[in-house]
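# requesting a structural model of the entry that follows:
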Amino acid sequence: MTLQLFALELDSQNALVRFSSFLSLIALGIYLFTIYIITRKCGSHKFSIEEYSYKLKFMSLFEGIKNDNYTKYFQAISLIKKLLFMLILIFCYQQPYFQVFNLVLLSILEIIWLILFKPLEDLNEFLKQISCEINKSITLFFISALVLDQEVKIFSENSRSIIGWICIGSISLILAIQLIIDAIFSNGYSQSKNTNNSEDLQRNSKDFCVLKNRMRIIQYLYQISDISFIFVCQLKCVIILILLFQIKVLPYEYLSLKFLNNR
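A predicted model of the protein is given here:
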């Protein structure tokens, strides 16, 4: 969507280009409308008074998010941040200094937001989010140094390649940390879930079916959250690689030679 918006040509003589441009505008409208709907639902008075039926209806928006003045808009803020990230990445492609500076600033602002407000109730999800943003900020900081080096020529070619691989290692840690956190918390979550289920069953056996269905929904949401988080992390890794190729830290020829030598 963002790439097509960058190359928007509604008056093009090519019908396919016009159609793609039109679809990109529709996709942008749907995305912005989704942000509006989520913001409206999260800001509803029913959410502020913690009405159970309302939260059950929109469980995917409210699950695991604190009910505070600002933290309840976590989902909407995340969508806005992702849109800004892609817009900066695509539309500032010709201005690498401005591009990297704004990406670093956006990442730092999210770290401050997560630390100050702590919008997530689940410590597991909070640690994954904060570790992802910290590693991304560190990587972008090194990339900004490499971008600056294109003008002042401080680093040697070998040093630039080493820093480039450090950036790749830093973003690879995002997935590694996420898997480690899941492995640590999964055992504790399973044990606490079994304990809570047995206690609730002893208190009231009639609510067993309801409790079982709720736990299935929560487990399903956690699985979706993990899958989406891994996908987003992989996407960010690809974007960082694109930035590295853009500033010619890791040229394609270098990677192809490495691959051939390994074979």
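
# quick check: next helix or strand after whichever strand or helix holds Leu106?
Assigned by DSSP states H and E, Leu106 belongs to helix 96-117. Later in the chain than helix 96-117, the nearest helix or strand by DSSP H and E is helix 123-152.

# quick one on the thing from earlier: helices and strands around the helix holding Leu106, which ones?
Packing partners of helix 96-117 (3 or more C-beta pairs under 8 Å, 6 or more residues apart in numbering; DSSP states H and E): helix 74-91, helix 123-152. Using the backbone N, CA and C atoms, a C-beta is placed for each residue, glycine as well.

# the first one - contacts with which helices or strands?
If I follow you right, that is helix 74-91. Looks like helix 74-91 contacts helix 2-6, helix 15-42, helix 96-117 (3+ C-beta pairs under 8 Å, 6+ apart).

# the second one: which residues count as buried?
Which is helix 15-42. Using 16 or more other C-beta atoms under 10 Å as the test for burial, helix 15-42 gives Val17, Ser20, Ser21, Ser24, Tyr31, Ile35, Ile38, Thr39, Lys41, Cys42.

# would you list those in CSV and tack on pLDDT and distance to Pro96?
Converted to CSV, the buried residues of helix 15-42 look like this (pLDDT from 0 to 100; distance: C-beta to C-beta, whole Å):
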residue, pLDDT, distance to Pro96
Val17, 77, 27
Ser20, 83, 27
Ser21, 81, 26
Ser24, 83, 24
Tyr31, 86, 26
Ile35, 86, 28
Ile38, 80, 33
Thr39, 82, 33
Lys41, 76, 39
Cys42, 73, 36
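
# would you reformat those as TSV and include distance to Tyr70?
As requested, the buried residues of helix 15-42 are exported to TSV (distance: C-beta to C-beta, whole Å):
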residue	distance to Tyr70
Val17	42
Ser20	37
Ser21	36
Ser24	31
Tyr31	22
Ile35	16
Ile38	14
Thr39	12
Lys41	16
Cys42	10
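
# so Gln4 makes contact with Ser20?
Yes - counting by C-beta atoms under 8 Å, Gln4 touches Ser20, with 5.4 Å between them.

# relative to Ile168, which of the helices and strands packed on helix 74-91 is closest?
helix 96-117 (16.2 Å; C-beta to C-beta).

# pull the CA atoms of that closest one into PDB?
Extracted in PDB, the C-alpha atoms of helix 96-117 (Å, rounded to 0.1, in the frame of the first residue of the first chain):
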ATOM      1  CA  PRO A  96      18.700   8.900   4.300                       C
ATOM      2  CA  TYR A  97      19.700  11.300   7.100                       C
ATOM      3  CA  PHE A  98      16.100  12.500   7.600                       C
ATOM      4  CA  GLN A  99      14.800   8.900   7.200                       C
ATOM      5  CA  VAL A 100      17.100   7.300   9.800                       C
ATOM      6  CA  PHE A 101      16.700  10.200  12.200                       C
ATOM      7  CA  ASN A 102      12.900  10.000  12.200                       C
ATOM      8  CA  LEU A 103      12.900   6.200  12.500                       C
ATOM      9  CA  VAL A 104      15.200   6.400  15.500                       C
ATOM     10  CA  LEU A 105      13.000   9.100  17.000                       C
ATOM     11  CA  LEU A 106       9.800   7.100  16.400                       C
ATOM     12  CA  SER A 107      11.400   4.000  18.100                       C
ATOM     13  CA  ILE A 108      12.600   6.000  21.100                       C
ATOM     14  CA  LEU A 109       9.200   7.600  21.600                       C
ATOM     15  CA  GLU A 110       7.600   4.200  21.700                       C
ATOM     16  CA  ILE A 111      10.200   3.000  24.300                       C
ATOM     17  CA  ILE A 112       9.400   6.000  26.400                       C
ATOM     18  CA  TRP A 113       5.600   5.300  26.000                       C
ATOM     19  CA  LEU A 114       6.000   1.700  27.000                       C
ATOM     20  CA  ILE A 115       8.200   2.400  30.000                       C
ATOM     21  CA  LEU A 116       6.100   5.400  31.400                       C
ATOM     22  CA  PHE A 117       2.600   4.000  30.900                       C
END
